[in-house]
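Visitor: 3D, please:
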Amino acid sequence: MEIIKLRDEYIKLGQALKAAGLCESGVDAKYAIEDGLVKVNETCGRHTSSNRIEHPFRFGNHAIGFRSRTGHRVGA
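Guide: Model prediction:
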């Protein structure tokens, strides 16, 4: 699982895709989410709302979790 370090407790799903290097632009991320290619808690993340750090996501074969500002790893 790849880990993204966050400054806050929330991150928009599209921003997380870009931060992980899985999408080159916000537009690409938006389409990936709308097309149901991103899974949050095993369901399609068809919205671009903020994602809490304890909710890891999957995009294809990539599993992405988060690490808080304090270094605490969350998600599995």
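Visitor: check what pLDDT residue 16 gets.
Guide: Note on residue 16: pLDDT of 88.
Visitor: for the chain, what's the longest helix?
Guide: helix 26-34 (DSSP state H).
Visitor: elements contacting that helix?
Guide: In this structure, helix 26-34 packs against helix 13-19, with contacts taken as 3 or more C-beta pairs under 8 Å, 6 or more residues apart in numbering; DSSP states H and E. Yep, even glycine has a C-beta here, placed from its N, CA and C like the rest.
Visitor: so what's the residue positioned nearest the centre of the chain up against?
Guide: Per C-alpha atoms, centre = their mean, the C-alpha nearest to the average position across the chain is that of residue 16, at 4.1 Å. Counting by C-beta atoms under 8 Å, 6 or more residues apart in numbering, residue 16 touches 4, 51, 57, 64, 66.
Visitor: pull the longest strand from this structure.
Guide: As assigned by DSSP state E, the longest strand anywhere in the chain is strand 62-67.
Visitor: any buried residues in the longest helix of the chain, and which?
Guide: For helix 26-34, a neighbour-count test (16 or more other C-beta atoms under 10 Å) marks 29, 32, 33 as buried.
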